[in-house]
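Colleague: Structure for this input, please:
(chains A and B)
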Amino acid sequence: MEKLLNLTLKVWRQDGPKAKGAFETYKLNGISPDSSFLEMMDILNDQLINEHKDPIAFDHDCREGICGTCSMYINGHPHGPDSGITTCQLHMRSFKDGETITVEPWRSAAFPIIKDLMVDRSAFDKIIQAGGYISVNTGGIPDGNAIPISKWHADEAMDAASCIGCGACVATCKNGSAMLFVAAKVSQLSLLPQGKIEASQRAKKMLSKMDELGFGNCTNTGACEAECPKNISITHIARLNREFIGAKFID
Amino acid sequence: MWLIHSSVGRKVIMSVTGIFLVLFLTFHSVMNVIVLFSAEAYNSVASALGANWYAVIGTGVLALGFVLHILYALYLSWLNLKARGKDRYAVTKRQEGVSWSSKNMLVLGIIVFGFLVLHLFHFWAKMQLVELQYGHGWEAAGFQNPQDGAYFINASFSNPIFSIIYIVWLVALWFHLTHGVWSSLHSIGVNNKTWINRVKCISNVYSTIIILLFIAIPVYFLLGFRVL
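Modeller: You can find the predicted model right below:
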């Protein structure tokens, strides 16, 4: 059996959106390196409950890397030090015995803290509502291959569509910009014939909603791409820029 | 106005003014190296520009480019600071593949601007400005011939301290350009998966060529050579 880990955790605790937060330090012993990061957090919460303390609030849902709910800034990286994964896919084997792990919430003006490690990411929903959809008369069931789509377009659109809207891009961006998210959501539709019709309207609506909600301006550092659990490329941002500028010139 | 009120519009201004300034730097660096081959040829370029109407208009447009680039940089940085929020991360780590200069463009820009003021004082104030103020009466007013560019180069760079200051300045500018050139293209949408690495490579090569052309002069002086 592998050696169990004894850890020190520095976790951000904050009672509510307006309350003043601070780091609390916890000792946690006997963690299996095979457990996931969230299982480790569950064990810590069990320990806190047994001590009659308030457990740490954190977001989690599917625990298989597809819902985009888990959100922790671990040791200076959103979703932890490993790349291309969400927090729930992070395993304790990524940490050493005796290590101090610092866990913080996403910090961005557009993502206010609800409690402890939970942040309000409804700004992303508002951006989607502004234009992240296609308008079609559904009618009967269309033929599967009635609309030809090239392999390249299908691949590029699928790469963009792999965005789970977790907000790691905003969390890591020094400008608090949501450009990678907006670019992915614009690209996944505008690359396909069904989404092309509303493409320029969509780019304008989603981008102005992003600006309105207080996200920052992209300076192309590429930190978002490096931290994205789905490795979404910043070249989608170039496409969004292209579509937005094109739409403005047509106006 | 979308160039002020939208984030992409603001970046378009940064990008277009940036590309304009890079084109100016290209012209300036090529013009400079002429002095290493012939001081007379260099002076003939200096007098061809001088304070002629086209050179004055050019200077005005250039100044406007600088002012827009700087004002937008300050405005964008302020907006971005606000978007980042009041609370900072306790632990921050560098990401792989993210260049240092991309996260420090404002600091680099401030360094470049500081030296730019010194540079204008060294050359522009003694050349075009004198010519604008006194025309052909520079001699009566007690000034050096404002079209004798090679003289001013000699005067400034003969002092090794200034040569070193200029080299520091150019290194900061090199960092600024390595991010700036590819980023300006990205901001106006000229990029894709095939080209991103090529664009970054072209950006690095181009910035390096410009800076090498510039840096040749202070290095030439530090090695003990003079242009006159």
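Colleague: From now on I want contacts and neighbour counts done on CA atoms only, so please keep to that.
Modeller: OK.
Colleague: for chain A, which residue is closest to the average position?
Modeller: residue A:166 (2.0 Å; CA atoms, centre = their mean).
Colleague: any idea what sits nearest that residue, other than its immediate chain neighbours?
Modeller: Distances taken as CA to CA, 6 or more residues apart in numbering or on different chains put residue A:68 closest to residue A:166, at 4.3 Å, once the chain neighbours are dropped.
Colleague: any idea how far the one you found is from chain B?
Modeller: Computed with CA to the nearest CA, to the nearest Å, the distance linking residue A:68 and chain B is 21 Å.
Colleague: so that residue sits in a strand?
Modeller: No. With DSSP: H, G, I helix; E, B strand; the rest coil as the criterion, residue A:68 is assigned coil and is not in a strand.
Colleague: still on that earlier bit, I figured the residue nearest to the centre of chain A was touching residue A:65, is that so?
Modeller: No. Taking contacts as CA atoms under 8 Å, residue A:166 lies outside contact range of residue A:65: 10.0 Å.
Colleague: and chain A, which of its residues are near chain B?
Modeller: With the criterion set to CA under 8 Å from any CA of the partner chain, chain A comes near chain B through A:75-77, A:102, A:104, A:107-110, A:174-177, A:207-208, A:211, A:214-223, A:226-227, A:233, A:235-242, A:244-245, A:248.
Colleague: Can you give me the distance of the residue positioned nearest the centre of chain B to chain A?
Modeller: Residue closest to the average C-alpha location in chain B (CA atoms, centre = their mean): residue B:25, at 5.8 Å. Residue B:25 sits 22 Å away from chain A when distances are taken as CA to the nearest CA.
Colleague: Quick check: that residue touching residue B:209?
Modeller: No. Under the contact definition of CA under 8 Å, residue B:25 does not touch residue B:209, with a separation of 10.9 Å.
Colleague: tell me which parts of chain B are close to chain A?
Modeller: Proximity of chain B to chain A is confined to B:2, B:6-9, B:11, B:76, B:79-93, B:95-99, B:102-103, B:183, B:186-193, B:196 under the rule CA under 8 Å from any CA.
Colleague: Can you tell me which of the residues you listed are buried?
Modeller: With neighbours counted by 16 or more other CA atoms under 10 Å in any protein chain shown, the residues of chain B next to chain A contain buried members at B:6-9, B:11, B:76, B:79-85, B:89, B:95, B:98-99, B:102-103, B:183, B:186-192, B:196.
Colleague: show me where pLDDT drops low in chain B?
Modeller: In the prediction, chain B carries no residues with pLDDT under 70.
Colleague: What residues sit buried inside the longest helix that chain A contains?
Modeller: Secondary structure of chain A per DSSP state H: the longest helix is helix A:235-250. Taking 16+ other CA under 10 Å as the basis for neighbour counts, the residues of helix A:235-250 that come out buried are A:235, A:236, A:237, A:238, A:239, A:240, A:241, A:242, A:243, A:244, A:245, A:247.
Colleague: got the contact list for the third one?
Modeller: The one in question is residue A:237. Under the criterion of CA atoms under 8 Å, 6 or more residues apart in numbering or on different chains, the contact partners of residue A:237 comprise A:179, A:180, A:183, A:184, B:189.
Colleague: quick one on the thing from earlier: where does the residue nearest to residue A:166 land on pLDDT?
Modeller: pLDDT, the model's per-residue confidence, is 94 for residue A:68.
Colleague: Do I have it right that it meets residue A:169?
Modeller: No. Under the criterion of CA under 8 Å, residue A:68 is not in contact with residue A:169, lying 12.0 Å apart.
Colleague: more neighbours, the two?
Modeller: Just comparing residue A:68 and residue A:169: by other CA atoms under 10 Å in any protein chain shown the higher neighbour count belongs to residue A:169, 26 against 22.
Colleague: ok now do the more buried one, which residues does it touch?
Modeller: A:177, A:178, A:180, A:181, A:223, A:224, A:225, A:227, A:228.
Colleague: Pipe those into TSV and attach distance to residue A:54 and pLDDT per row.
Modeller: Formatted as TSV, the entries for these read as follows, by distance: CA to CA, whole Å; pLDDT from 0 to 100:
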residue	distance to residue A:54	pLDDT
A:177	33	97
A:178	33	97
A:180	35	98
A:181	34	98
A:223	34	96
A:224	33	97
A:225	35	97
A:227	31	97
A:228	31	97
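Colleague: Give me the buried subset of those residues.
Modeller: With neighbours counted using 16+ other CA under 10 Å, those contain these buried positions: A:177, A:178, A:180, A:181, A:223, A:224, A:225, A:227, A:228.
Colleague: And the nearest residue to residue A:69 once chain neighbours are set aside, its phi and psi?
Modeller: The shortest distance from residue A:69 to any non-neighbouring residue, by CA to CA, 6+ apart, is to residue A:60 (5.2 Å). When quoted as degrees, to the nearest 10, the phi and psi of residue A:60 stand at phi -160, psi 150.
Colleague: Give the full set of residues in contact with residue A:60.
Modeller: With contact taken as CA under 8 Å, 6+ apart, residue A:60 is in contact with A:69, A:70, A:71, A:88.
Colleague: ok, those residues vs residue B:169, which is closest?
Modeller: Checking these against residue B:169 with CA to CA, the nearest one is residue A:71 at 41.8 Å.
Colleague: give me the number of residues near that closest one?
Modeller: The burial metric for residue A:71, expressed as a neighbour count using other CA under 10 Å, is 25.
Colleague: ok, now residue A:145?
Modeller: One way to gauge burial is a neighbour count; for residue A:145, by other CA under 10 Å, it gives 7.
Colleague: Please tell me how far it sits from chain B.
Modeller: Relative to chain B, residue A:145 is positioned 27 Å away (criterion: CA to the nearest CA).
Colleague: Next, that residue: secondary structure please.
Modeller: In three-state terms, and counting by three-state DSSP, residue A:145 is coil.
Colleague: After the least confident helix or strand in chain A by mean pLDDT, which helix or strand is next?
Modeller: Across the helices and strands of chain A, mean pLDDT, DSSP states H and E gives its lowest value to helix A:193-196, namely a mean of 92. Downstream of helix A:193-196, the next assigned helix or strand under DSSP states H and E is helix A:199-212.
Colleague: nearest spatial neighbour of residue B:85, skipping sequence neighbours?
Modeller: The spatial neighbour of residue B:85 that comes closest, neighbours along the chain excluded (CA to CA, 6+ apart), is residue A:109 at 4.2 Å.
Colleague: CSV please, covering the contacts of residue A:237 and showing distance to residue B:219.
Modeller: Formatted as CSV, the entries for the contacts of residue A:237 read as follows, by distance: CA to CA, whole Å:
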residue, distance to residue B:219
A:179, 43
A:180, 43
A:183, 45
A:184, 47
B:189, 38
